[in-house]
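1. Any chance you could fold what I've pasted below:
(one chain, ligands or ions: 1)
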Amino acid sequence: MDKILAFMRTYFDWFYITTPDISDIIEILILSYVIYKILMWFKSNRAWTLLKGIVLILLFTILASLFQFNTILYILKNVFSIGILAVIILFQPEFRRGLETLGRKKFFDYIMHEDADERKLSDKTIYELIKTVTVLSANRTGALIVIEDKVALGEYIDTGIPVDAVVTNQLLLNIFEHNTPLHDGAVILRNNRVVAATCYLPLSANLSINKELGTRHRAGVGISEVSDSVTLIVSEETGSISIAKGGELYRNLDTESVRNHLELLNQEDGKKKDERRQKDGKRKKKNTEKKTSSGNVKSGKSSDNRKEADSNER
Ligand SMILES: Nc1ncnc2c1ncn2[C@@H]1O[C@H](COP(=O)(O)OP(=O)(O)OP(=O)(O)O)[C@@H](O)[C@H]1O
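-> Have a look, this model is predicted:
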């Protein structure tokens, strides 16, 4: 034990043992939760293998120190300092995805009171999209249509040609027409408008994607892994319609399933908004009740007004 403590003191000079007080306990609880979350995140992607490698090297370092292998310790010490930088560069996509997931938490939505209405897919857009994929599928024309949600896709939009037009099936059919300048790559929709065409999307590295599928489908899954977008994919080879969402690929869909997926996007936003309104309504109701009881004013009219205000809030 003494040897281990001496090792910790030599190589981790910040390491010391103190008598814990209440703030230390809270700190330990917070850190335990954060470490648990980080471990869960590591486990959910390829960084898990890396973590196992790091743990192995750490165990090896402890052993080397116990047996006084000074040369090995010297090498390991230097490898560690360069290694951290290498890990950050190698796993940059995973770190980025992790931070993006954190930013997508409801907590931030609530604080920033983001308005879901603007992001909603209008009935007209859904109608136009369904009509587009039906025609493209029948003609076996390949297509890739990304619908942006909360995560902004600016960097992918920038790789394409700006369009900025209302979503119509005629426009989309024209864009994906073979041998036309805009047909290659993906179209990106934002707030019920076509913002860009010929956009280049990140390819998914997911090994479980069917090998029969090529880069169009991989690109659709890729963008759904790094954002909360929904992507419509029409296969040029088979005419089949697929949707990529949350890193998953839903294949061979009929128009009804496509409609359900698109409407779900609205419902999810609507549900969140309703929940938020209900919470706001309750909070305001509580505040009004507090004011009414403290001011001792309680007339039927004012309570009616309050109900009306609450129902408006809702
Ligand atoms: N990274 C990418 N970003 C955007 N579009 C891409 C990307 N990679 C490929 N594409 C689109 O996919 C087309 C190639 O599709 P490919 O045949 O490889 O895919 P697929 O999944 O087999 O689809 P299909 O069933 O339509 O053949 C390209 O011409 C291009 O339009």
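
2. for residue 100, helix, strand, or coil?
-> Assigned with DSSP: H, G, I helix; E, B strand; the rest coil, residue 100 falls in the helix class.

3. pretty sure it contacts residue 150?
-> No: look at residue 100 against residue 150 with CB atoms under 8 Å: they stay out of range, at 10.0 Å. The way it works is simple: take the backbone N, C-alpha and C, and place the C-beta from them, glycine included.

4. Now do the same contact list for the closest residue to the ligand within the stretch 51-200 of the chain.
-> Closest residue of the stretch 51-200 of the chain to the ligand, CB to the nearest ligand atom: residue 142 (3.7 Å). Shown in contact with residue 142 (CB atoms under 8 Å, 6 or more residues apart in numbering): 136, 176, 216, 234-237.

5. so which helix or strand takes in residue 88?
-> Element membership for residue 88 (DSSP states H and E) is helix 70-90.

6. buried stuff in that helix?
-> For helix 70-90, the neighbour count (16 or more other CB atoms under 10 Å) marks 73, 76, 87 as buried.

7. which strands and helices sit next to that helix?
-> With contacts taken as 3 or more CB pairs under 8 Å, 6 or more residues apart in numbering; DSSP states H and E, helix 70-90 sits against helix 47-66.

8. quick one: average confidence on the helix it packs on?
-> What helix 47-66 shows for mean pLDDT is 82.

9. quick one: contacts of it?
-> If you take CB under 8 Å, 6+ apart as the criterion, helix 47-66 is touched by 3-4, 7, 10-11, 39, 41-42, 72-73, 76, 79-80, 87, 90-91, 94.

10. roughly how far apart are the nearest residue to residue 98 once chain neighbours are set aside and residue 94?
-> In space, and not counting its chain neighbours, residue 98 is closest to residue 41: 5.4 Å by CB to CB, 6 or more residues apart in numbering. Note on residue 41: its distance to residue 94, by CB to CB, to the nearest Å, is 8 Å.

11. all helices for the stretch 151-300 of the chain, in order.
-> 154-157, 169-175, 215-226, 255-295, 300-313 (DSSP state H, counting those that start in this stretch).

12. mean pLDDT for these: which is lowest?
-> helix 300-313 (a mean of 39).

13. Next, the residue in the stretch 151-300 of the chain that the ligand sits nearest to: phi, psi?
-> Closest residue of the stretch 151-300 of the chain to the ligand, CB to the nearest ligand atom: residue 214 (2.5 Å). Main-chain dihedrals, residue 214, degrees, to the nearest 10: phi -100, psi -150.

14. same deal with residue 21?
-> phi -110, psi -170.

15. returning to what we had before: mind checking what secondary structure the residue nearest to residue 98 has?
-> Once three-state DSSP is applied, residue 41 turns out helix.

16. pretty sure it contacts residue 100?
-> No: the pair residue 41 / residue 100 is not scored as a contact, 11.9 Å apart, by CB under 8 Å.

17. what about those two, which has more around it?
-> The residue with more neighbours, out of residue 41 and residue 100, is residue 41; 17 against 13, by other CB atoms under 10 Å.

18. show me the contacts for the closest residue to residue 166 other than its chain neighbours.
-> Nearest non-adjacent residue to residue 166, counting by CB to CB, 6+ apart: residue 193, 6.2 Å away. Neighbouring residues of residue 193 by CB under 8 Å, 6+ apart: 164-167.

19. neighbours around residue 53, how many?
-> For residue 53, using other CB under 10 Å, the count is 12.

20. Buried ones only from the contacts of residue 142, please, as a PyMOL command.
-> A single PyMOL command selects the buried members of the contacts of residue 142 (16+ other CB under 10 Å):
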select buried, resi 136+176+216+234+235
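
21. can you redo the contacts of residue 142 as TSV with distance to residue 26?
-> Below are the contacts of residue 142 laid out as TSV (distance: CB to CB, whole Å):
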residue	distance to residue 26
136	57
176	57
216	51
234	54
235	54
236	58
237	58
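
22. Could you identify the most distant pair in the contacts of residue 142?
-> Largest separation among the contacts of residue 142 by CB to CB: 176 and 237, giving 14.6 Å.

23. So what's the residue count around the residue of the stretch 151-300 of the chain closest to the ligand?
-> Neighbours of residue 214 under the rule other CB under 10 Å: 13.

24. who in the stretch 151-300 of the chain is up against the ligand?
-> 184-186, 200-201, 203, 213-217, 219, 235-237 (CB under 6 Å from any ligand atom).

25. Nearest to residue 248 among those residues?
-> Among these, residue 217 lies closest to residue 248 (CB to CB), at 11.9 Å.

26. Just give the nearest non-adjacent residue to the closest one, would you?
-> residue 233 (5.7 Å).

27. Run a quick neighbour tally on the one you found.
-> By other CB under 10 Å, neighbour count at residue 233 equals 27.
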